[in-house]
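> Coordinates only, no sequence provided:
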């Protein structure tokens, strides 16, 4: 609520999803934002919020890709995320005391998700029992030639993180 109040969006309409995953943002689309410092501050606040709201990790990662030169479509994405947070204010990460009987890791990647540089975005999460203990979303440093190659790189990253 503090973030929503800071940007005068406490009474905004809510959204049901944090981001449209089919829409691709380009680095040079639209006009530069009027206040890039405010944009970076909001992006940082969203990054901090990921600790208890991993459901916005992908969307927050997309916002942070453009911190060097934020544009109006990128600010629109931040506002979309904030509207999603408004509608899901009671959702969050809960750590339980269930017995630990397994460790499970899930990963996913979008092949050529960055239209500017043709890099893929990989993400993973690791559960210890019923509790989420680790997660990440990042742009891969190399250009992959197939979706299978992207998934292979992602699995390597998850295994390196878990072991």
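Looks like it came in fine. Since the model is a prediction, treat every value here as computed from it, not as a measurement.
> count of neighbours near residue 74?
Residue 74 has 24 neighbours, counted by other CB atoms under 10 Å. Where you see a C-beta, it was placed from the backbone N, CA and C, and this is true even at glycine.
> can you tell me how far it sits from residue 57?
Residue 74 is 17 Å from residue 57, where distance means CB to CB, to the nearest Å.
> Spatially central residue in the protein, please.
The residue lying closest to the centre of the chain (CA atoms, centre = their mean) is residue 58, at 2.1 Å.
> In contact with the nearest residue to residue 50 once chain neighbours are set aside, which residues?
Of all residues not flanking residue 50 in the chain, residue 57 sits nearest, at 5.1 Å (CB to CB, 6 or more residues apart in numbering). Shown in contact with residue 57 (CB atoms under 8 Å, 6 or more residues apart in numbering): 50, 123, 135, 137.
> tell me the SS of residue 57?
Following DSSP: H, G, I helix; E, B strand; the rest coil, residue 57 is assigned to helix.
> now the helices: where do they sit in the protein?
Under the criterion DSSP state H, the chain contains helices at 2-6, 36-49, 57-64, 72-87, 147-162.
> tell me the most buried of these?
Across these, averaging neighbours per residue (mean count of other CB atoms under 10 Å) puts helix 57-64 on top, at a mean of 21.
> Return the helix or strand in the protein with minimum mean pLDDT.
Here the helix or strand of the chain ranked lowest by mean pLDDT, DSSP states H and E is helix 147-162, holding a mean of 69.
> How is this protein partitioned into domains?
Following automatic domain parsing, one finds the domains of the chain at 2-87, 103-162.
> Can you list the low-confidence ranges for the chain?
Within the chain, the stretches with pLDDT under 70 are 21-22, 93-94, 109, 111-119, 139-147, 150, 153-154, 157, 161-163.
> make it 80
20-25, 51, 91-100, 107-125, 130-163 (pLDDT under 80).
> Skipping its backbone neighbours, what lies nearest the residue sitting furthest away from the middle of it in space?
Distance from the centre of the chain peaks at residue 99, with 29.3 Å (CA atoms, centre = their mean). With CB to CB, 6+ apart as the criterion, residue 99 has its nearest non-adjacent residue at 6.5 Å, and that residue is residue 129.
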